[in-house]
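S.K.: would you be able to build a 3D model of this:
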Amino acid sequence: MPGNESTAKVLGYAGLIPFVVFSIGCWIPLPLITNAAQILIAYAAVILSFMGAVHWGVAMSSTDQQRGKVFIASVIPALIAWPALLLSQPLAMSVLLFGFIGLYAYDRSVEKSQALPDWYIPLRTRLTFTVALCLAAALLAVTMR
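M.R.: Alright, predicted model coming up:
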């Protein structure tokens, strides 16, 4: 359904705004923001957890006998994101960067078997590239302090 795809794209691209703004904030001061790096880490952890939940939904709607593996895979991003909130900023950003790239690799590997929509992986590619770029730039900024 084209309307759903358009909505997903708009929401996905809008979701990049905090990544871009707060990664820039790691380099230059932002008005009224005292810790852009910590805000970026918290937002990235929430979004990584949310992205994993896509596979929970896929597993719930599946009748495949192997869906237990998909349920397990769906919680791994949250199990990566949550501890990242407790780490130093450089380590947290590194863990989250690894988490986003790992989840993208998983998405690519199950694209056909989970019958993901045709538009999903191209969208994930663009979103993940931007998220990874933002986290890498922020990581560079916090390690240079």
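
S.K.: residues touching residue 128, list them.
M.R.: By Cβ atoms under 8 Å, 6 or more residues apart in numbering, the contact list for residue 128 reads 100-101, 103-104. The C-beta positions use only the backbone N, C-alpha and C, and glycine is treated the same way.

S.K.: mind listing which of those are in helices?
M.R.: 100-101, 103-104 (DSSP state H).

S.K.: where does this structure dip in pLDDT?
M.R.: Scanning the chain with the threshold set as pLDDT under 70 gives 1-2.

S.K.: if you set the cut-off to 80 instead, what comes out?
M.R.: 1-3, 63-66 (pLDDT under 80).

S.K.: can you map out the helices along it?
M.R.: Under DSSP H, the chain gives helices at 2-14, 16-25, 36-60, 67-84, 89-110, 120-143.

S.K.: next, the buried residues of stretch 12-20.
M.R.: Within stretch 12-20, the residues that count as buried by 16 or more other Cβ atoms under 10 Å are 15, 18-19.

S.K.: apologies, that question was intended for stretch 136-145.
M.R.: 137-139, 141-142.

S.K.: let me have those residues in JSON lines, adding distance to residue 72 as columns.
M.R.: Listed next are the buried residues of stretch 136-145 as JSON lines, based on distance: Cβ to Cβ, whole Å:
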{"residue": "137", "distance to residue 72": "32"}
{"residue": "138", "distance to residue 72": "30"}
{"residue": "139", "distance to residue 72": "29"}
{"residue": "141", "distance to residue 72": "35"}
{"residue": "142", "distance to residue 72": "32"}
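
S.K.: tell me who's in contact with the closest residue in space to residue 130 that isn't next to it in sequence.
M.R.: With Cβ to Cβ, 6 or more residues apart in numbering as the criterion, residue 130 has its nearest non-adjacent residue at 5.2 Å, and that residue is residue 16. Applying Cβ under 8 Å, 6+ apart, one finds that residue 16 lies in contact with 127, 130-131, 134.

S.K.: how about those residues in a markdown table, adding neighbour count?
M.R.: Shown next, in a markdown table, are the contacts of residue 16 (neighbours: other Cβ atoms under 10 Å):
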| residue | neighbour count |
| --- | --- |
| 127 | 20 |
| 130 | 17 |
| 131 | 25 |
| 134 | 24 |
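
S.K.: for the residues you listed, which one is nearest residue 34?
M.R.: residue 134 (19.3 Å; Cβ to Cβ).
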